[in-house]
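Novice: Build me a model:
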Amino acid sequence: MKRTDLYKKDREEYAAEVAPAPSVRRDEVRTSDDAENRNAVQNYGRTAGYVGVGFGVLSLFMWSIILGPLAAVIGFYAYSQGSKVWGGWAMGLGILATISYFVLVPFAR
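Specialist: This is a model prediction of the structure:
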């Protein structure tokens with residue numbers, strides 16, 4: 001038996017109705033205002049990364065249960081704002097300090 005389509009002659013595409021709208025990539029710069037905003041966002045991410053790494057280093061020596069997760073959260077924010085290296089280090093140090101707290105506390109009590 002041969003298949004016959006009802007709308008063979010129309011050949012419409014329906015996927016465009018449910019497809020997401022095209023988005024502008026972050027690295028596209030259209031005007032000088034966009035360039036200034038992009039630099040400001042990168043500076044916020046870099047500053048957050050520096051603060052996160054500072055909290056991460058401090059969390060290795062004191063208040064691990066408070067500063068560790070705080071460093072990880074700030075590191076994630078920095079990572080999402082474009083500062084991949086500093087954000088990654090802050091998340092890594094924060095997670096390391098938090099896990100080491102839970103591993104080493106039973107031996108201290």
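
Novice: From here on, just use CA atoms for contacts and neighbour counts.
Specialist: OK.

Novice: for the protein, what spans make up the helices?
Specialist: Assigned by DSSP state H, the chain shows helices spanning 32-59, 64-80, 84-108.

Novice: Deepest in the core, which of those is it.
Specialist: Sort the helices of the chain by mean neighbour count, taking mean count of other C-alpha atoms under 10 Å, and helix 64-80 sits at the top with a mean of 24.

Novice: That one to helix 84-108, inter-axis angle?
Specialist: 160 degrees (axes from the mean of the first three to the mean of the last three C-alpha atoms, to 10 degrees).

Novice: average pLDDT across stretch 75-84?
Specialist: Per-region confidence: stretch 75-84 scores 88 on mean pLDDT.

Novice: Quick one: residues in contact with stretch 63-80.
Specialist: The contact list for stretch 63-80 (C-alpha atoms under 8 Å, 6 or more residues apart in numbering) reads 44-49, 51-56, 58-60, 84-98, 101.

Novice: then that stretch to PDB, C-alphas only?
Specialist: In PDB, the C-alpha atoms belonging to stretch 63-80 read as follows (Å, rounded to 0.1, in the frame of the first residue of the first chain):
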ATOM      1  CA  TRP A  63      35.500  29.600  59.400                       C
ATOM      2  CA  SER A  64      35.500  26.900  56.700                       C
ATOM      3  CA  ILE A  65      31.800  26.200  57.000                       C
ATOM      4  CA  ILE A  66      30.900  29.900  56.400                       C
ATOM      5  CA  LEU A  67      33.500  31.200  54.000                       C
ATOM      6  CA  GLY A  68      33.800  28.000  52.000                       C
ATOM      7  CA  PRO A  69      30.200  28.000  50.600                       C
ATOM      8  CA  LEU A  70      30.300  31.800  50.300                       C
ATOM      9  CA  ALA A  71      33.500  31.500  48.200                       C
ATOM     10  CA  ALA A  72      31.800  28.800  46.000                       C
ATOM     11  CA  VAL A  73      28.700  31.000  45.500                       C
ATOM     12  CA  ILE A  74      30.700  34.100  44.600                       C
ATOM     13  CA  GLY A  75      32.900  32.000  42.400                       C
ATOM     14  CA  PHE A  76      29.800  30.700  40.500                       C
ATOM     15  CA  TYR A  77      28.700  34.300  40.000                       C
ATOM     16  CA  ALA A  78      32.100  35.300  38.700                       C
ATOM     17  CA  TYR A  79      32.100  32.300  36.400                       C
ATOM     18  CA  SER A  80      28.700  33.200  35.000                       C
END
